[in-house]
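A.B. asks: Let's see this in three dimensions:
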Amino acid sequence: MTEHGTAFIEVIEAHKGILYKIARLYGREADDRDDLVQEMIIQLWKSFSRYDPQYKYSTWIYRICLNVAISFYRKERSRKNISYPLTDAIIHFSGIDPVADRQEDIHQLYLFISELRELDKALMLLYLDEKSYKEIAEIMGLTETNVATKLNRIKAQLKQKFLTLHS
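C.D. replies: Numbering: from 1, shown residues only. As a prediction, this is how the structure comes out:
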């Protein structure tokens, strides 16, 4: 294997969690997620020689993978011409097991995030991955102010969904 190939594999291995998080958020079925991860890796490979070291690898990976995921999602949605309403039955046993309750809330959060528009999903993914507004702005090509405004609106929307769910 070439030095270029070895370096690429090391970068992907070190940051594979990013790919899986994005695939989980944008891929509806396991096969879709696998296809999406494969497509992200292909696009990262094609772009690897043009990587700009002024950015962190994670920033570069997020930018490419989110663009791939959004394009993939749009293609799949138009190809299948299906809307994706929430169909999972959620059973909430309040007070029985706090760990299970927390896991259920996390699961519910991801379901609510999956209903967001493509760009809003990407913003929430980066926010939940504890990226700074500056990093999110760099990855998404937005201003920090725009990131803050959009995230505040999304968080308010998600909070309202949780309040409705638990009322």
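A.B. asks: mind giving me the domain split of the chain?
C.D. replies: By the assignment in automatic domain parsing, the chain contains the domains 1-84, 91-167.
A.B. asks: any idea which of those scores lowest on pLDDT?
C.D. replies: Mean pLDDT is lowest for domain 91-167 out of these, coming in at a mean of 81.
A.B. asks: Now do that one: distance to the chain's middle.
C.D. replies: Its chain's C-alpha centre and that of domain 91-167 lie 10 Å apart, by Cα atoms, centre = their mean, to the nearest Å.
A.B. asks: One more: stretch 49-64?
C.D. replies: Chain-centre distance of stretch 49-64: 17 Å, with Cα atoms, centre = their mean.
A.B. asks: Buried residues, that stretch. List them.
C.D. replies: Neighbour counts over stretch 49-64 (16 or more other Cβ atoms under 10 Å) mark 51, 57-64 as buried. Yep, even glycine has a C-beta here, placed from its N, CA and C like the rest.
A.B. asks: out of those residues, which one sits closest to Lys159?
C.D. replies: Sorting the buried residues of stretch 49-64 by distance to Lys159 puts Tyr62 at the head of the list, at 24.8 Å, by Cβ to Cβ.
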